[in-house]
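[1] Below are the sequence and a predicted model for it; my questions follow.
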Amino acid sequence: MPQAVLAIKDASIFQQDNLVLSDVNVTIEKGEFVYLIGKTGSGKSSFMKTLYGDLILRKGQGTIVGYDLPTLKEKDIPFLRRKLGVVFQDFKLLNDRTIKDNLLFVLSATGWKEKKEMENRINEVLDKVDMKTKSFKFPYQLSGGEQQRVAIARALLNNPEIILADEPTGNLDPQTSVEVMEVLQEINKNGNTILMATHDYALLLKYPSKTLKCDENQIFEVVQKMI
């Protein structure tokens, strides 16, 4: 029996008092790679924000990595986020510290204590994204693609049950987008579940996978030929 990492049923998603999405029914199982597509303003980011606790699910049912979204308390959000890996379009790296220190900061903030264990984990995740030799550099010394690789490494630190990638190639040129996508594909092959919001239909054609579309206040599954 497949295991659902995310299950949303009969849900409506609001930004303040504005209804963004209604009748949302989405299930993502362990190990899946799922795209979330749709025009700007169609609700992709609101959906993602609901999953990592930035927006409360006010109507309907929803669970992610064992957390019940409608009853999620403020104090539970940091614990929820430890079980998620979030990758943003604009990297969100701290420019005043090296790559290694960026990752150390996240580990310290999420309860790691042993220095040797922390160093080992940082080396492991940087190795996965082929950035181990650049841990001493600052983010501004790296290209956009390299910064996004580091952001993916950061998302992997706590062995997340699902990675939420919100337009991870949005600021990158086509070649770099493909390189970042290869990293995400490899991580998925190793068993990580990934939900990726994207505008980049070229990537969908190159790496076909289950696809959800936001349109007219709905989310529905589409087959590649319809995109």
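    Now that the structure is in, tell me what you want to look at.

[2] which residues does the nearest residue to Ile163 once chain neighbours are set aside contact?
    Distances taken as C-beta to C-beta, 6 or more residues apart in numbering put Gly85 closest to Ile163, at 4.1 Å, once the chain neighbours are dropped. Heads up, the C-betas are built off the backbone N, CA and C, glycines and all. With contact taken as C-beta atoms under 8 Å, 6 or more residues apart in numbering, Gly85 is in contact with Ile152, Arg154, Ala155, Leu156, Leu157, Asn158, Pro160, Ile162, Ile163, Leu164, Asn192.

[3] Report the secondary structure state of the first one.
    Under DSSP: H, G, I helix; E, B strand; the rest coil, the three-state class of Ile152 is helix.

[4] Could you list the low-pLDDT ranges of the protein?
    1-2, 224-227 (pLDDT under 70).

[5] most centrally placed residue in it?
    Leu164 (1.7 Å; C-alpha atoms, centre = their mean).

[6] rewinding a little: after the helix or strand containing the residue nearest to Ile163 comes which helix or strand?
    Assessed by DSSP states H and E, Gly85 sits inside strand 84-87. Using DSSP H and E, the helix or strand that follows strand 84-87 in sequence is helix 99-109.

[7] Show me what the top helix by length along the chain is packed against.
    Using DSSP state H to define each element, the chain has its longest helix at helix 174-189. Other elements packing on helix 174-189 under the criterion 3 or more C-beta pairs under 8 Å, 6 or more residues apart in numbering; DSSP states H and E are strand 33-37, helix 115-128, helix 144-156, strand 162-166, strand 193-197, helix 201-206.

[8] let's go with 6 Å and repeat that
    helix 144-156 (3 or more C-beta pairs under 6 Å, 6 or more residues apart in numbering; DSSP states H and E).
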